[in-house]
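Asks: Just need the structure, nothing else, for what follows:
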Amino acid sequence: MTSKQTPVDCFSSSPLGLYVHVPFCATTCDFCAFVQSKPNRKQINRYLSALKSEARHCKTLTKKTVHTVFWGGGTPSILLPDDLRTLGGIVHEYWDLGDCQEWTVEVAPASVTPSKLKGLKSLGVTRISMGVQSFDPATLEEMGRLHSVNQIHRAYDWIQSEGFEQVNLDLIIAFPGQNEDHLLKDLEHALALKPDHLSTYCLTFEEDTQLYAKLQKGEYKIDPEKEADLYTSVWNYLEKQGYSQYEVSNFAKPGCQSIHNLNTWKMHEWIGLGPSASSQFGGKRWTQNPDFEKWEQGIAKAQPTCIDESTLTIEDLANDILIFGLRTIEGVSLKDLGQRTGMDLGAYLPVLNQLVEEELADWHGDTIRLNLNGRLKADAIGVEILSVEA
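Replies: Okay, the predicted model is just below:
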């Protein structure tokens, strides 16, 4: 089958997400491969100025209202209160937030202050996602994290006092040296704070990180069986505590799932602002240049220096809906997928039926869902789906 451009009507009823990348951090954590740098006043001013120009340009692409906003990084909370208000003012100036269902901002415990939180709340932010990573001081030090356990508690108290609708905590599991006892202590500590949502990400060894260098030197080793055991422990424990798993790495109390992430996993539309930010809109995909200087120069010339720019095909869309949809507990309805893409999905059936035969997935009517064993192998299953010639 010859690849076809994705019809724009595939997204006619899709909600629109707005992602803003804040490329600044106080330090580089050993495990982090995201685009970020230590900020200075001049660079922050340049960033805000360029981002305003980029927002003005991107707004011309659509008349859609924004359904979700997400500020990530980097560390958005490293910005001063006035900078956060300026950034929020840009969002309000160029985007209609009348139908906005969720506005999330990522924060780090060491950079949270009451004045910053008050400013975020006044902008309309509804959800705070705090990168805790661990409650164990030795593990935090090994990761290169700047915050202490006391700072986590202090920041959380301030967040609660400000009255945000939802709070998420990020934890990292399967860090070298972590065993089940350490993991369960982290989970107990996290749940004692009573967050609405928990994200538990398995440590990955990304190239160009301190952690990867240690792996290459043999200081760390990857143990897939141990990782699987720790994942299973997390899932069992959190389910018993009333947190429902709705994606491989994400758990929430009833009604507290991340709407922005759900829309992204369903391959709806989003526009990304800032260096390295990715977009999927109007049947196209593009990623802004991760180099701050080149990103800024491109914006100044009204010629963004995008990388990985491509026309989205219906095969791309179907692949990604399957891959990311299978990571969710909801699974994927082939009927809905066929109606959305207009594709004959028969080429996928041998792979999907094989998953069922291998006891990795189950059919529920026309919907296929991974079971626990399948979710442990979600990455490998994704690679298998990419090999299908639809």
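Asks: Report the secondary structure state of the most centrally placed residue in the chain.
Replies: Central residue of the chain (C-alpha atoms, centre = their mean): N261, 6.3 Å from the mean position. Look at N261: counting by DSSP: H, G, I helix; E, B strand; the rest coil, its state is helix.
Asks: Is it in contact with N250, as I believe?
Replies: Yes: counting by C-beta atoms under 8 Å, N261 does reach N250; the two are 7.1 Å apart. (Each C-beta comes from the backbone N, C-alpha and C, glycine too.)
Asks: Could I get the pLDDT score of the residue nearest to the centre of the chain?
Replies: Confidence at N261, expressed as pLDDT, is 97.
Asks: How about the one 10 residues further on?
Replies: The predicted structure scores I271 at 97 on the pLDDT scale.
Asks: With A155 instead?
Replies: 97.
Asks: next one: the one 10 residues further on
Replies: With respect to pLDDT, E165 scores 97.
Asks: okay, now it: neighbour count?
Replies: Using other C-beta atoms under 10 Å, E165 is surrounded by 13 other residues.
Asks: do the same with S12
Replies: Counted with other C-beta under 10 Å, S12 comes out at 7.
Asks: Against E357, how distant is it?
Replies: Distance, S12 to E357, by C-beta to C-beta, to the nearest Å: 37 Å.
Asks: same thing with S161?
Replies: S161 is 53 Å from E357, by C-beta to C-beta.
Asks: so where's this structure shaky on pLDDT?
Replies: By pLDDT under 70, the weakly predicted segments of the chain are 1-4, 8, 27-38, 204-223.
Asks: domains in it, as residue ranges please.
Replies: The chain resolves into domains spanning 12-264, 314-386 when parsed by automatic domain parsing.
Asks: who's in contact with F164?
Replies: L117, K121, V125, T126, R127, I128 (C-beta atoms under 8 Å, 6 or more residues apart in numbering).
Asks: which residue packs closest to I159, ignoring adjacent ones?
Replies: Spatially, and ignoring its direct neighbours in sequence, I159 is nearest to I128 (5.2 Å; C-beta to C-beta, 6 or more residues apart in numbering).
Asks: doesn't that neighbour fall inside a strand?
Replies: Yes: checked against three-state DSSP, I128 lies within a strand.
Asks: That one: neighbouring residues, count only.
Replies: I128 has 28 neighbouring residues, counting by other C-beta under 10 Å.
Asks: do the same with K284
Replies: The number of residues packed around K284, counting by other C-beta under 10 Å, is 16.
Asks: isn't it right up against D308?
Replies: No: contact criterion C-beta under 8 Å: K284 and D308 do not qualify, at 10.9 Å.
Asks: Isn't I381 up against R375?
Replies: No: in this structure, I381 is not within contact of R375 by C-beta under 8 Å, at 9.1 Å.
Asks: can you give me phi and psi for the residue nearest to C10 when sequence neighbours are not counted?
Replies: Of all residues not flanking C10 in the chain, R340 sits nearest, at 5.8 Å (C-beta to C-beta, 6+ apart). Here is the backbone geometry of R340 (degrees, to the nearest 10): phi -70, psi -40.
Asks: wait, what's in contact with R340?
Replies: C10, L317, I321.
Asks: Among those residues, which one sits closest to F70?
Replies: Comparing those against F70 with C-beta to C-beta places I321 closest, at 20.0 Å.
Asks: residues near the closest one, how many?
Replies: Counted with other C-beta under 10 Å, residues neighbouring I321 total 20.
Asks: now do N40
Replies: 10.
Asks: Next: K121.
Replies: For K121, the count of nearby residues is 16 (other C-beta under 10 Å).
Asks: Pretty sure it sits in a helix.
Replies: Yes: the assignment for K121 is a helix, going by three-state DSSP.
Asks: Now do the contacts for it.
Replies: So K121 contacts E162, G163, F164 (C-beta under 8 Å, 6+ apart).
Asks: what do you get if the cut-off is 10 Å, keeping everything else the same?
Replies: Shown in contact with K121 (C-beta atoms under 10 Å, 6 or more residues apart in numbering): I128, I159, E162, G163, F164, E165.
Asks: ok, how many other residues are close to the third one?
Replies: What it means is E162. Applying other C-beta under 10 Å, we find 17 residues neighbouring E162.
Asks: Then V388?
Replies: Residues near V388, counting by other C-beta under 10 Å, number 17.
Asks: Let me know whether it touches Q354 as I believe.
Replies: No: when contacts are counted by C-beta atoms under 10 Å, V388 is not listed as touching Q354 (11.1 Å).
Asks: re the thing from before, N236: which of the contacts of F164 is nearest?
Replies: Nearest member of the contacts of F164 to N236, counting by C-beta to C-beta, is R127, at 26.3 Å.
Asks: I figured that closest one hits A252, correct?
Replies: No: applying C-beta under 10 Å, one finds R127 not in contact with A252, separated by 11.1 Å.
Asks: can you list residues touching both of the two?
Replies: Q166, N168, D196, H197, S258.
Asks: Got the phi and psi for the fourth one?
Replies: Taking degrees, to the nearest 10, you get phi -150, psi 140 for the backbone angles of H197.
Asks: what about it, neighbour count?
Replies: For H197, using other C-beta under 10 Å, the count is 21.
Asks: What are the phi and psi values at the closest residue to it other than its chain neighbours?
Replies: Excluding its sequence neighbours, the residue lying closest to H197 (C-beta to C-beta, 6+ apart) is N168, at 4.0 Å. Reported as degrees, to the nearest 10, the phi and psi values for N168 are phi -110, psi 140.
Asks: Three-state assignment for the residue lying closest to E389 once chain neighbours are set aside, please.
Replies: Excluding its sequence neighbours, the residue lying closest to E389 (C-beta to C-beta, 6+ apart) is A347, at 6.4 Å. Here A347 takes the helix state, with states given by three-state DSSP.
Asks: For N261 and N250, list the residues in contact with both.
Replies: Common contact partners of N261 and N250 (C-beta under 10 Å, 6+ apart): H197, S199, T328.
Asks: Closest to H182 out of the residues you listed?
Replies: S199 (18.1 Å).
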